[in-house]
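Visitor: Take this sequence and fold it.
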Amino acid sequence: MPPISIAPSIVLGAAIASAYASLYNLLRRGSLRDLLFCMVAAWAGFALGQAAGRLIHLNWGMIGSIYVIEGSVFCWLLILTMNWVRIPRRRHQQPPQQG
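Guide: From the prediction side, this is the model:
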């Protein structure tokens with residue numbers, strides 16, 4: 001069976017998006033579950049940014065075939081949107097009534 005090869009641009013894009021998600025989760029002092037949501041949002045946002053970069057053809061801020069600027073903007077937008085849409089348990093729970 002031949003070895004599976006992954007394109008270096010996919011690895012770099014996933015690494016950049018993962019770094020953004022990790023940084024955001026670290027600054028928020030989130031849980032491992034929050035990190036998982038951040039990673040999914042970051043990867044999806046970076047992929048959307050790549051698609052947007054291919055559509056608008058801005059060639060500055062690129063590393064190889066990676067649109068870093070567009071990918072980063074969409075990545076952060078989706079991370080922040082995910083945080084806004086998803087209501088953390090801490091805010092959703094009511095404090096116990098003392099009697």
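Visitor: what about the longest helix in this structure?
Guide: For the chain, the longest helix by residue count, based on DSSP state H, is helix 32-56.
Visitor: what lines up beside the helix or strand just after that helix in the sheet?
Guide: Elements were assigned by DSSP states H and E; along the chain past helix 32-56, the next helix or strand is strand 62-63. Here strand 62-63 has these sheet partners by DSSP bridges: strand 66-67 (antiparallel).
Visitor: Run through who's touching whichever helix or strand comes after the strand it pairs with.
Guide: Per DSSP H and E, strand 66-67 leads on to helix 68-85 as the next helix or strand towards the C-terminus. Contact with helix 68-85 is made by 13, 16-17, 20-21, 24, 28, 37-38, 40-42, 44-50, 52-53, 56, 58, 60-62, as judged by Cβ atoms under 8 Å, 6 or more residues apart in numbering. Heads up, the C-betas are built off the backbone N, CA and C, glycines and all.
Visitor: rerun that using 7 Å as the cut-off
Guide: When contacts are defined by Cβ atoms under 7 Å, 6 or more residues apart in numbering, helix 68-85 is touched by residues 13, 16-17, 20-21, 24, 37-38, 41-42, 44-46, 48-50, 52-53, 58, 61-62.
Visitor: cool, and stretch 8-15?
Guide: Residues contacting stretch 8-15 (Cβ under 7 Å, 6+ apart): Trp43, Phe46, Gln50, Ile63, Gly64, Ser65, Ile66, Gly71.
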